[in-house]
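Peer 1: Provided below are the primary sequence and the corresponding predicted coordinates.
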Amino acid sequence: MSSSSTTHTSTIGAIGAPSRRNTELMLLVFAVVIPVFAYANVGLALDGSLPAGLLGYGLGLGLLAGVAHLVVRKFAAYADPLLLPLATLLNGLGLVVIWRLDQSELLQSIGQAGSAAPKQLMYTAIGIALFIAVLFFLKDHRVLQRYTYISMLGAIVLLLLPLVPGLGVNLYGAKIWIHVGSFSIQPGEFAKIVLAVFFAGYLMVKRDALALASRRFMGLYLPRGRDLGPILVVWGISILILVFETDLGTSLLFFGMFVIMLYVATERTSWIVFGLLMSAVGAVGVASFEPHIQQRVDAWLDPMKEYTLSRAGVGGHSEQAMQALWAFGSGGTLGTGWGQGHSELIRFAANSDFILATFGEELGLAGLMALLLIYALIVERGVRTALAARDPFGKLLAVGLSGAFALQVFVVAGGVMGLIPLTGMTMPFLAYGGSSVIANWALIGILIRISDTARRPAPSPTPSPDAEMTQVVRP
Amino acid sequence: MNKPLRRIAIFCGLLILTLLIRDNWLQYVKADQLASDDDNRRVIIARYSTPRGDIVVDGKSITGSKATSGTDLKYKRTWKDGPMWSPVTGYASQVVGASQIENLEDGILTGNDDRLFFRNTLDMVTGKKKEGGNVVTTLNAAAQKAAYDGLKNRGKGAVAAIEPSTGKILALASTPSYDPSSFAGNSTADGETFAKLDKDKDKPLLNRALRETYPPGSTFKLVTAAAALESGDYAPDKKTQTPLPWTMPGTTTPLKNEGNIPCEDATLRVALKVSCNTVFGKIGSDLGNDKMVEEAEKFGFNKEQFVPVRSNASNFDDNMNPSQTALSSIGQYNTAATPLQMAMVASAIANDGTLMEPYMVDELKASNLDTIEKTEPKELSKPLSEENAQNLQSMMETVVNEGTGQNARIPGATVGGKTGTAQHGVDNSEKPYAWFVSYAKTSSGFPVAVAVVVEDSEASRQDISGGGLAAPIAKSVMEAVINSK
């Protein structure tokens, strides 16, 4: 914090900074119009006519975006102008692709699609409602600081829910869902936000102890034994998630988020070294005895063999990974165009975990790079919000959320593109799934709140009667 | 706290950068390889996404396309008289891929050929659906039917018929055959049918006319006779100075004739008429290995032919000693020929010594019937002079009129031919192959040259002779061609 005033951070509330709400509105228009065009395009490609739901869909998305914008205008006038349009664009494009996959007879016949798009539109509405609620009720993000330890409890409960008998369900080898009535919820998506609140609150208090009380050893500041406690606990929880829920992605995400926040809080590189070592030990250790993880690694190393095994009818194998690679390859530089690819060949989870493959095939390298850059922009706006925030809690929370967002994008996209083993997570905003959309809208809500607080001009100081007599002494 | 924040920003940037690099690797560097991977279903989806173009014989298509349901492969291939035409068309199966013309001309048939690119782009702009083009073949439907029907009654065998003046293939039949329609689809049953055909010990999938090499037996004496005439040392009606029995040079083994036939000092004409092993064996060894190889290769031996479907190379050994050369010159030892090869021999003789390159794709047409490519007849070689060719023709006509080939006589036309009965197996234990190689001549020229081989017939050993089994098939093929003119 102390150094922030000497570095060039463009951010600290210049008095009378423009609110940029009109910029946001203009960008939002694009963010709604682009998916509407895409939607029309899919309809024209699939059966030569404009889809019947075009007007309703366009109005629905436009209405949601408009309401969100008005709420931001009212309750967070100085918020970052890019976050809302970017999230809206991703959400809209996701809806288009989900609708496009709904039209696939193959996916309909295996029950993987058919009526996903209307549901996703409903989830989007709930997500934006939650976004509005966040802005309405959370007038200052520092309030969250009060709930540090409740957050911890909440996060643990959320993470353990899928393990509760009768509530949790094992889908495709990972236990990360719970069933409530006819809904299935992925509590991990919400736990991500709640944990970030806990980490931020906890680290803000403990950062001095963690940063300063250390011994120097071989050029590294080694933390004291008792300060290792928290990182060990988080590491332990991550390992437990990995073992009991067999969910590599969530485990990696939480641990990665914690290490990032710990590093930012303490400015000690040693924590990163520790973090990397511990995640390596944990991952290799668990992978050596957990067959589900092992199989994911094997499938990653040789997707063609996995495909052949799956085709030969050997149980427990999946052809998805290879099918996704073919989808990307067949898309080539410019893609096949909306609605003209064959990503339905991925079958299971084509519209959720593997939705990126459809983008790759139909929009090509060009479109997918643009899409990844949209994610990069969201992360960049998040980190910029952290830089601009004036309080350590806000900084930590913002960097934690955006870091987790970046890690999730990397883990999911990397998995689908065969860069790293596949994990059971979904692309934020794009993929079909209520939990993911709702939680990520809440995440954007919190970032917008922090950025609003950061950019809001400080109230002009009341003229002090003895201002004349005070001299600032500069060193 | 801002310094680590900036580093985290850079770290996040690197994560995205890694993704971008990976994406470039996948969608640019590896894209073509992934997109054309045989296991990538998109390849086959594209192939069957539009009705496939047709293969045309005599102005009528012998193939078709049928819309399917319940699969992402929208159209499947159908054939009319599949077993009869499969040696020509090959198969185009959704489950095992394509072969022969269906495979070689796949670009035209699917409409994906580069030569159709401009047209396709135009169609895309005008909103017309892409259509496959047609492959027009040189075949003669009547001749093909005669060949297939004749073979079907005889068990295993093959027929190749060529128009001597152009090299156009008129008939190409092989039995036992298969119906490509029986495994054209994508179902498990289709796959099982193919697997069964593939394992069948009678090899129905083998295109015997192009891909099987048989010992040609006495029909090879035509090549030896051509070499003899070309050498200038022999004339059709000059005695050949051959003793009987004749002992092969370097051995104590006399070369035997089949039966008690007048071969002592016989003329070439007589020797060909009664099929003297001694005479042609001696000619081969006297001319020597080099001259024999040279003549055989002029007829197309020792080289694969592409019509455009590949035909196996027929064989005449190099570097043989005189006795091996003698045996090879009567179509034994390692000499082996495809039916197409023997048809080429007859065709070259009939065409006054000029061998035309055999072909069976006459034209490639776009879907609107514009010609994209037309095959022009091309001279392949000149195995013998016009005079010698005409002499050999008169000798072959003697064979049919007075000798072993009398079953091939056609009223109103002149036929020249040569029979062959090739022994094979250890100590000739297996049933011999019956050959007949011939051409027909009418007032308007030489419409057809044909080679017929019948293998492993159910008939008794004595009955297996080129004249008895193969000549009637050759006759009906030639008649079919003559009558369709």
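Peer 2: Thanks, I have the structure now. Worth saying up front: this structure is predicted, and the values here are computed from it rather than measured.
Peer 1: ok, how many other residues are close to B:K3?
Peer 2: The local packing count at B:K3 equals 12, with neighbours defined by other C-beta atoms under 10 Å in any protein chain shown. For every residue, glycine as well, the C-beta is placed using N, CA and C.
Peer 1: what's the answer for B:G155, then?
Peer 2: Using other C-beta under 10 Å as the criterion, the residues surrounding B:G155 number 16.
Peer 1: Also the one 5 residues further on?
Peer 2: If you count neighbours by other C-beta under 10 Å, B:A160 ends up with 34.
Peer 1: And for B:L17?
Peer 2: Each residue near B:L17 was counted by other C-beta under 10 Å, and the total is 13.
Peer 1: Confirm it sits in a helix?
Peer 2: Yes - under DSSP: H, G, I helix; E, B strand; the rest coil, B:L17 falls within a helix.
Peer 1: Look up how far B:D23 lies from it.
Peer 2: With the distance defined as C-beta to C-beta, to the nearest Å, B:L17 ends up 10 Å from B:D23.
Peer 1: Nearest to chain B within the stretch 301-450 of chain A, name that residue for me.
Peer 2: Distance from chain B to each residue of the stretch 301-450 of chain A (C-beta to the nearest C-beta) is smallest for A:G329, at 2.2 Å.
Peer 1: my read is that residue is in a strand, agree?
Peer 2: No - using three-state DSSP, the secondary structure at A:G329 is helix, not a strand.
Peer 1: I'd say it and B:Q27 touch.
Peer 2: Yes - judged on C-beta atoms under 8 Å, A:G329 makes contact with B:Q27 at a distance of 6.9 Å.
Peer 1: Tell me which of those two has more neighbours.
Peer 2: Here A:G329 and B:Q27 are compared on neighbour count by other C-beta under 10 Å; more neighbours surround B:Q27, at 29 against 24.
Peer 1: tally of neighbours for the closest residue in space to the residue of the stretch 301-450 of chain A closest to chain B that isn't next to it in sequence?
Peer 2: Taking C-beta to C-beta, 6 or more residues apart in numbering or on different chains as the measure, A:G329 lies nearest to B:L34, with 2.2 Å between them; neighbours along the chain are not counted. A count of neighbours around B:L34, defined by other C-beta under 10 Å, yields 21.
Peer 1: so B:L34, which of the three states?
Peer 2: helix.
Peer 1: for it, what are its contacts?
Peer 2: Contact criterion C-beta atoms under 8 Å, 6 or more residues apart in numbering or on different chains gives A:L325, A:W326, A:F328, A:G329, A:S330, B:L26, B:N40 as the residues in contact with B:L34.
Peer 1: Need the three-state assignment for the second one.
Peer 2: With three-state DSSP as the basis, the three-state label of A:W326 is helix.
Peer 1: Once you drop chain neighbours, what's closest to it?
Peer 2: Here the residue nearest A:W326, using C-beta to C-beta, 6+ apart, is B:N40, at 4.3 Å.
Peer 1: What residues does chain B have near chain A?
Peer 2: Proximity of chain B to chain A is confined to B:1-9, B:11-13, B:15-16, B:18-20, B:22-24, B:26-28, B:30-35, B:37, B:39-42, B:45, B:72 under the rule C-beta under 8 Å from any C-beta of the partner chain.
Peer 1: The same query, at a cut-off of 6 Å, please.
Peer 2: Listed as neighbours of chain A in chain B under the rule C-beta under 6 Å from any C-beta of the partner chain: B:1-2, B:4-5, B:8-9, B:12, B:15-16, B:19-20, B:22-23, B:26-28, B:30-31, B:34-35, B:40-42, B:45.
Peer 1: Can you show me the strands along the stretch 301-450 of chain B?
Peer 2: Ranges of strands in the stretch 301-450 of chain B, per DSSP state E, counting those that start in this stretch, are B:305-306, B:310-311, B:355-356, B:361-365, B:371-374, B:379-381, B:414-424, B:430-442, B:445-455.
Peer 1: which one of those is the most hemmed in?
Peer 2: Each of the strands of the stretch 301-450 of chain B was assessed for mean neighbour count using mean count of other C-beta atoms under 10 Å in any protein chain shown. The highest is strand B:445-455, with a mean of 28.
Peer 1: Go through the contacts of B:L34 and name the one nearest A:T358.
Peer 2: For the contacts of B:L34, the minimum distance to A:T358 (C-beta to C-beta) is 10.1 Å, reached by A:F328.
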